[in-house]
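[1] Here is a sequence with its predicted model. Questions after.
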Amino acid sequence: MNLRLLHAWPVSRYPDHTAIVFKDRRLTFREIDARVSRLANALLALGLGRGDKAAVLMNNRVELVESLFGIARAGLAVIDLNARQSAQEHIFLLNDSEADAVIVGADLMPIMEQVLPSTPKIRRVIVVGDPGADHLNYEELLAAQPETWPDVVIDANDVDRIHYTSGTTGKPKGAVSTFQISYNRLIGVLLNMDRAISPADVNLNIGPLTHAAGLMMNTYYIRGARNIILDKFDPDLVLQTIERERVTAVLLIPTMLNFLLLHPRLKAYDLSSVQRVWYGTAPMAPERLREAIQVFGNVLRQNYGMSECPQPITYLGPEDHILDGTEAEQRRLSSAGKPAMGMDVRIVNEDGSEVRPGEIGEILLKSNQMMKEYWRNPQATAEVFRDGWLHTGDMATVDQDGYIYIMDRKHDMIISGGFNIYPREVEDVLMAHPEVAAAAAVGVPDDVWGESVKAFVVTKGGRRLSEEELIGFCKQNLASYKKPKSVEFVADLPRNAYGKVLRKTLKEPFWRGRERKV
């Protein structure tokens, strides 16, 4: 295992090729590699070393790429924070991960200033932009260090990354990846490419590089391709960029793809350079897929993955996106495809037996790309790993030809716009309101976002509250994308014999008549 070999390869072969494009900045592999080494040396010069952890809180930009690469090059572990989360959420993640330092964009310093008083273990705060009087300046740190690779020993089993995902209780859990696992994941993506990546490729990155987009960006980077980075999703900007930069590959969550298909001037843009449209993170309606194929051609590919084992666990390739085939072939547009190379996937019922076609069971998987464990959470680790298999919590069925169809989520997770939301974290905020006696959150169909959060609320003593008041209260205490889009006031919540709220009963009327429940 040697991540260094992967990142050294493009700079040794194509040092003067453009590696990263962000707004008006265009950096070559030689320039990016030098800045990454300067950052790694700066982190080590600050006293950080093996076993330490550095968090990153930035919107997409060049320095985010440098930070993700540089932290690893120094032999430290990356804690990637979601720029859309609240101060309270950041506090929990930084304290739970025991982060030693944080690299933050100046535009996000107002939220970080709320976080720092409650995160005493943070020893260093490095700011991209104006650091003020109390923190370190990112560019000044880089300027003071050499661009040679740091001389550090990295063991394959050292922690490379702790990526937080919510658990069934709503409390975030840190999925731990070692340097070996991160290497395996990059190789796994390359092994499952249906067309080889070359330096002639141009990959467009729109989603947060701290999530699935980062794995794709990294994969294209190590093969010498050019990566275009956007700091937000804007349909006009995306279409303009594809046309101007002659983009060959782009990863889109279904919500983004929907917005592009609805763009009034879509046909005015030259999209002929696109050779691959990756989509995933949430299901996409077959009707929209048909529209996308008509617009982009037969270039779509769906990848299924999760924080505990990133994509592709399964994939649906271009050869499976058939518009005019048999009924079975057309139905595959609603599937997640077949297992990827290197993935052992089973779908089992409650007694552990593999389901027959048409039956629904839980997806289990085994691979050298799975997380090692949940950080500081042996109980959750033991619950998800049983007999060497990772129990995903995703419910699915399979057809006669081995195509997997994800039908529901075992633990009620909501996916809205490609982001995972667990009901409990929304309910905890609702219950913090002084006039709320009980609350439940479920995912309901949303034509734009796939799903949206709907809250059912019982008020204390039947007191009157407004929908707007509760939504505003949630927005103050949660990332905005997690807040309920609608609130329904009810006299009571349905519960089972043990007093547990029956979320399935609440959401069922909204999904009635739909084959899939996600």
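    Thanks, I have the structure now. Fair warning: this is a prediction, and the values are worked out from it, not measured in the lab. Numbering: from 1, shown residues only.

[2] ok now do the residue most central in space within the chain, which residues does it touch?
    Residue closest to the average C-alpha location in the chain (CA atoms, centre = their mean): H211, at 3.4 Å. Shown in contact with H211 (CB atoms under 8 Å, 6 or more residues apart in numbering): D80, N82. The way it works is simple: take the backbone N, C-alpha and C, and place the C-beta from them, glycine included.

[3] Next, work out how far apart it and K53 are.
    From H211 over to K53 the distance is 18 Å, taken as CB to CB, to the nearest Å.

[4] before we move on, back to that, pLDDT wise, what is the residue nearest to the centre of the chain at?
    Predicted confidence (pLDDT) for H211: 89.

[5] ok, it to N258 distance?
    Counting by CB to CB - H211 and N258 are separated by 19 Å.

[6] Could you list the residues in contact with the lengthiest helix in the chain?
    As assigned by DSSP state H, the longest helix anywhere in the chain is helix 29-45. The contact list for helix 29-45 (CB under 8 Å, 6+ apart) reads 7-8, 10-11, 14-17, 19-20, 27, 54, 62, 65-67, 69-71, 73-74, 76, 101, 138, 141-150, 152, 224.

[7] next one: stretch 378-391
    By CB under 8 Å, 6+ apart, the list of residues contacting stretch 378-391 from outside reads 167, 173, 308-309, 346, 362, 364-366, 370-371, 373-374.

[8] Point out the least confident one among these.
    On pLDDT alone, G167 ranks lowest of the contacts of stretch 378-391, at 44.

[9] which stretches of the stretch 51-200 of the chain form helices?
    Assignment of helices within the stretch 51-200 of the chain using DSSP state H, counting those that start in this stretch yields the ranges 62-73, 87-97, 109-115, 138-143, 179-191.

[10] What is the second one packed up against?
    This means helix 87-97. On a contact count with 3 or more CB pairs under 8 Å, 6 or more residues apart in numbering; DSSP states H and E, helix 87-97 meets strand 53-57, strand 77-80, helix 109-115, strand 159-166, strand 172-178.

[11] Would you mind saying which of the ones you listed lies nearest Y403?
    strand 159-166 (26.1 Å; CB to CB).

[12] show me where pLDDT drops low in this protein?
    For the chain, applying pLDDT under 70 flags the ranges 1, 166-170, 282-283, 408, 496-499, 515-518.

[13] Domain parsing of it, as residue ranges.
    Split into domains by automatic domain parsing, the chain comes to 29-154, 414-511.

[14] Quick one: those as CSV, columns for mean neighbour count and distance to P339 too.
    Formatted as CSV, these follow (neighbours: other CB atoms under 10 Å; distance: least, CB to CB, whole Å):
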stretch, mean neighbour count, distance to P339
domain 29-154, 19, 27
domain 414-511, 17, 21
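
[15] ok so, going back, so how far is I313 from the residue nearest to the centre of the chain?
    Distance of H211 to I313, computed by CB to CB: 16 Å.

[16] OK, contacts around the residue nearest to V104 when sequence neighbours are not counted?
    Closest residue to V104 apart from its sequence neighbours, by CB to CB, 6 or more residues apart in numbering: L57 at 4.5 Å. Neighbour list for L57: L81, A83, H90, V102, I103, V104, G105, L108, I111, M112 [criterion: CB under 8 Å, 6+ apart].

[17] The fourth one contacts R123, doesn't it?
    No - counting by CB atoms under 8 Å, R123 is not a contact partner of V102; they are 9.6 Å apart.

[18] how far is stretch 51-67 from where the chain is centred?
    Stretch 51-67 sits 15 Å away from the centroid of its parent chain (CA atoms, centre = their mean, to the nearest Å).

[19] end-to-end on that stretch?
    End-to-end distance of stretch 51-67 (CA to CA, to the nearest Å): 17 Å.

[20] Stretch 195-203 now?
    Start-to-end span of stretch 195-203 (CA to CA) is 14 Å.

[21] now stretch 330-339
    With CA to CA, one end of stretch 330-339 sits 19 Å from the other.

[22] Let me see the ranges of the helices in the stretch 351-500 of the chain.
    378-384, 423-431, 467-477.

[23] want to throw these into a markdown table with distance to E287?
    Shown next, in a markdown table, are these (distance: least, CB to CB, whole Å):
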| stretch | distance to E287 |
| --- | --- |
| helix 378-384 | 35 |
| helix 423-431 | 28 |
| helix 467-477 | 30 |
